[in-house]
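**Q** Mind folding the following:
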Amino acid sequence: MDAKQPPANIDDYIVAQPDAVQAILREMRRVIHEAAPQAEEVMTYGVPGFRQKKNLVQFGAFTQHVGFYPTPAVIEAFAEQLSSYKTSKGAIQFPLNQPIPYDLVREMTKYRVRQVTGK
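**A** Okay, the predicted model is just below:
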C-alpha cells in the first residue's frame, strides 16, 4: 500500500481539490501574492503558504470551508472584522457556502508583511 504523496507545490495542491474549490484557492493565492509580492510560495504542513523571512500566511481547502492561517497576532488585530467567522488561536474558517472575504484576506496579509518586515 503506497502512502499518498503530499503535493509538491501550490499548483499540485489546487488541482487535487474539487473543481468548485479550485477557483477559490486560485483567487486566495492571487490576493495573497498581490498583498505580499516579495514572498515566496511554499508548502508547509501540507498546505499552501507564503514566506518572507518567516512564514507569513497559509491557506487550505476543507470539506466545508477554506482555512486561512495568518498567525494569532493577526487574528487578534482583526477580531472585530472576523467576528462572523469561526476562529481559533491561529486559524480562520471561511465557509464555502458564503462569499470569501478576499479584501479582508488581502488586508490581513499586508498586516502580516508589516509584522515580518518591520515596515
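**Q** What pairs with the longest strand along the chain, parallel or antiparallel?
**A** Taking DSSP state E as the criterion, the chain has its longest strand at strand 54-61. Applying DSSP bridges, strand 54-61 is found paired with strand 47-52 (antiparallel), strand 65-69 (antiparallel).
**Q** pretty sure Ile100 is touching His65, no?
**A** No: using Cβ atoms under 8 Å, Ile100 is not in contact with His65, being 9.7 Å away. Where you see a C-beta, it was placed from the backbone N, CA and C, and this is true even at glycine.
**Q** which neighbours do these two share?
**A** Taking Cβ atoms under 8 Å, 6 or more residues apart in numbering as the contact rule, Ile100 and His65 both touch Phe94.
**Q** Excluding chain neighbours, what is closest to Pro48?
**A** Distance criterion Cβ to Cβ, 6 or more residues apart in numbering; nearest residue to Pro48, sequence neighbours excluded, is Ile10 at 4.3 Å.
**Q** repeat for Ala16
**A** For Ala16, ignoring the flanking residues on the chain, the nearest one in space by Cβ to Cβ, 6+ apart is Pro7 at 6.1 Å.
**Q** show me where the chain has strands.
**A** With DSSP E as the criterion, the chain has strands spanning 40-44, 47-52, 54-61, 65-69, 86-87, 92-95.
**Q** Go through those and name the closest to Gln22.
**A** Of all those, strand 54-61 sits nearest to Gln22, with 8.6 Å by Cβ to Cβ.
**Q** Report the inter-axis angle for the closest one versus strand 40-44.
**A** If you take axes from the mean of the first three to the mean of the last three Cα atoms, to 10 degrees, strand 54-61 sits at 60 degrees to strand 40-44.
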